[in-house]
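# Let me see the structure of the following:
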Amino acid sequence: MADRSTIYEVARRSGVSTATVSRVMADGTGFSAATRERVKATAAELSWVPSGSARGLAARRTGIVGLIFPDLGQSGDAEEESPLYVDQVIRGAERAATSAGDAVLIAATSTASGRDLAFSVAGKVDGLVILARSLPDDDIVALSRSVPVVLLATNLARSGPDFVGPDFVGADNRGGSRAMTAHLIAVHGHTDLAFLAGPAGSPDSEERFAGFCAALRDAGLPEPAAPAATGSFTEAGGEQAVRELIATGRRPGAIVCGNDEMALGALTALRAAELRVPADVAVTGFDDIAAARRARPALSTVRQPMRELGECSVRLLLSRIAAADTARKSVVLPTELVTRRSCSCASRAVSGPSGRSPG
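Okay, the predicted model is just below:
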């Protein structure tokens, strides 16, 4: 929260009083259109938004936390994030906020209006939880100068001795994918494995592909330079990607999917190609959504604590709001290997945690 812009700096640069700044930002009256534009421009230049915790003399906080998510469906039929994953995260966040007596303001960003919406929400809440790929790094940094921010499932790319980023909460994507791939190699003897990735730029997909490659490296198998195909984290995308993969003439012994929905689509594509799962091709997913258990064959997957991610991020945000000057925190929640019929395991089994939770 260092170098946070203030209303006093906005007023000084705009050549007006702090009271005028407050009226402008609250869409009040008593000033000219030129003054309004000057104050708004200065506030935007300084990345300043009215702090919810500073409003009102009687209350120190608004009692509202904001959740910023990427707008599902902006790319057409292939949604950029799994709506089932996002739903579970939101449920966990709401549970944590409600337990603390707070309300939740949820906003979905889109390419055109995401920045304006995020800054508008920031002016109405005590702090923000921002999910991966909702906003560019520069906008996240700007927001974190005005309100406490917790990043969910992503970290900022920038670094340096003088840069301290927002708090972070995520799951052990790399460890979970590594464990699943190692299971396919060591237990089932697969040596030809293909990775089905999520959308470009997804931190979760990138970490899961890195875990996949690490397991191949551990086993002395060649590592691919890139995923075999991309399925956009959706069932339709997974089905299309596997259809195209088969059309090239390749039939891997196992397909490691970046999430469960793509894996469900892969099952459909393999059935259409008259390939048996797992006799001809093993298939695995990531998340352990309810549909994974109902699939035929039941889907082997990596369970990540989706609701717990939402809960933990809100709890960490509330802690940051209460103590703004404490050291940055990074929390990585463990994942679990869940083996079922789709990889040839006879019955469901759950391994121990593969994650870690540094302070």
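# Identify the spatial nearest neighbour of residue 245, chain neighbours not counted.
Among residues not flanking residue 245 along the chain, residue 229 sits closest, at 5.0 Å (C-beta to C-beta, 6 or more residues apart in numbering). Glycine gets a C-beta too; all of them are placed from N, C-alpha and C.
# what's the spacing between residue 281 and residue 96?
Counting by C-beta to C-beta, to the nearest Å, the separation of residue 281 from residue 96 is 40 Å.
# mind giving me the domain split of this protein?
Listed domain ranges for the chain are 1-48, 62-170+309-328, 173-303+335-353 (source: automatic domain parsing).
# which of the ones you listed sits most buried?
domain 173-303+335-353 (a mean of 20; mean count of other C-beta atoms under 10 Å).
# Could you give the separation of it from the chain centroid?
Distance of domain 173-303+335-353 from the chain centroid (C-alpha atoms, centre = their mean, to the nearest Å) equals 20 Å.
# Do a quick rundown of the helices in the stretch 101-250 of the chain.
114-122, 137-144, 173-186, 203-218, 235-247 (DSSP state H, counting those that start in this stretch).
# Export those as a markdown table, with columns for distance to residue 304 and mean pLDDT.
As requested, these are exported to a markdown table (distance: least, C-beta to C-beta, whole Å; pLDDT from 0 to 100):
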| stretch | distance to residue 304 | mean pLDDT |
| --- | --- | --- |
| helix 114-122 | 25 | 83 |
| helix 137-144 | 23 | 86 |
| helix 173-186 | 7 | 97 |
| helix 203-218 | 9 | 96 |
| helix 235-247 | 18 | 96 |
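# that older thread, doesn't residue 198 make contact with the residue nearest to residue 245?
No: counting by C-beta atoms under 8 Å, residue 229 does not reach residue 198; the two are 10.9 Å apart.
# Now the common contact residues for these two.
When C-beta atoms under 8 Å, 6 or more residues apart in numbering defines a contact, no residue borders residue 229 and residue 198 alike.
# so what's residue 8 up against?
The contact partners of residue 8, taken as C-beta under 8 Å, 6+ apart, are residue 18.
# Let's see the pLDDT reported for it.
With respect to pLDDT, residue 8 scores 75.
# does it count as helix, strand or coil?
Three-state assignment for residue 8 (DSSP: H, G, I helix; E, B strand; the rest coil): helix.
# Neighbouring strands of the helix or strand hosting residue 69 in the sheet, and parallel or not?
For residue 69, the element it lies in under DSSP states H and E is strand 64-70. Using DSSP bridges, strand 64-70 pairs in its sheet with strand 103-109 (parallel), strand 128-131 (parallel).
# between the ones you listed, which gets the lowest average pLDDT?
Across the strands paired with strand 64-70, strand 103-109 gives the lowest mean pLDDT, at a mean of 85.
# I'd like to check what contacts that one. Which residues are they?
By C-beta under 8 Å, 6+ apart, the list of residues contacting strand 103-109 reads 63-72, 90, 93-94, 97-98, 115, 117-118, 121, 124-125, 134-135, 314.
# so who does residue 14 touch?
20, 21, 35, 38, 39, 42.
# need those residues in a markdown table with secondary structure and pLDDT, can you?
Output for the contacts of residue 14, formatted as a markdown table (DSSP: H, G, I helix; E, B strand; the rest coil; pLDDT from 0 to 100):
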| residue | secondary structure | pLDDT |
| --- | --- | --- |
| 20 | helix | 76 |
| 21 | helix | 78 |
| 35 | helix | 89 |
| 38 | helix | 91 |
| 39 | helix | 87 |
| 42 | helix | 88 |
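# farthest pair in these?
For these, with distances taken as C-beta to C-beta, the pair at the greatest spread is 20 and 42 (11.5 Å).
# just to revisit the earlier point, which among the helices of the stretch 101-250 of the chain is found nearest to residue 167?
Comparing the helices of the stretch 101-250 of the chain against residue 167 with C-beta to C-beta, the closest turns out to be helix 137-144 (9.5 Å).
# which other helices and strands contact that closest one?
Secondary-structure packing of helix 137-144 (3 or more C-beta pairs under 8 Å, 6 or more residues apart in numbering; DSSP states H and E): helix 114-122, strand 128-131, strand 149-152.
# which outside residues touch that helix?
With C-beta under 8 Å, 6+ apart, helix 137-144 has contacts from 1, 47, 49, 114-115, 118-119, 122, 128, 130, 135, 149, 151, 156-158, 165-166.
# now stretch 242-254
184, 188, 190-194, 196, 228-229, 231, 255, 265-266, 269-270, 272-273, 275, 280-284, 343.
# Go through those and flag which are in strands.
193, 194, 196, 229, 255, 282, 283, 284 (DSSP state E).
# can I get these in JSON lines with distance to residue 214 and pLDDT?
Shown next, in JSON lines, are those (distance: C-beta to C-beta, whole Å; pLDDT from 0 to 100):
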{"residue": "193", "distance to residue 214": "13", "pLDDT": "98"}
{"residue": "194", "distance to residue 214": "16", "pLDDT": "98"}
{"residue": "196", "distance to residue 214": "17", "pLDDT": "98"}
{"residue": "229", "distance to residue 214": "20", "pLDDT": "96"}
{"residue": "255", "distance to residue 214": "18", "pLDDT": "98"}
{"residue": "282", "distance to residue 214": "19", "pLDDT": "98"}
{"residue": "283", "distance to residue 214": "20", "pLDDT": "98"}
{"residue": "284", "distance to residue 214": "16", "pLDDT": "98"}
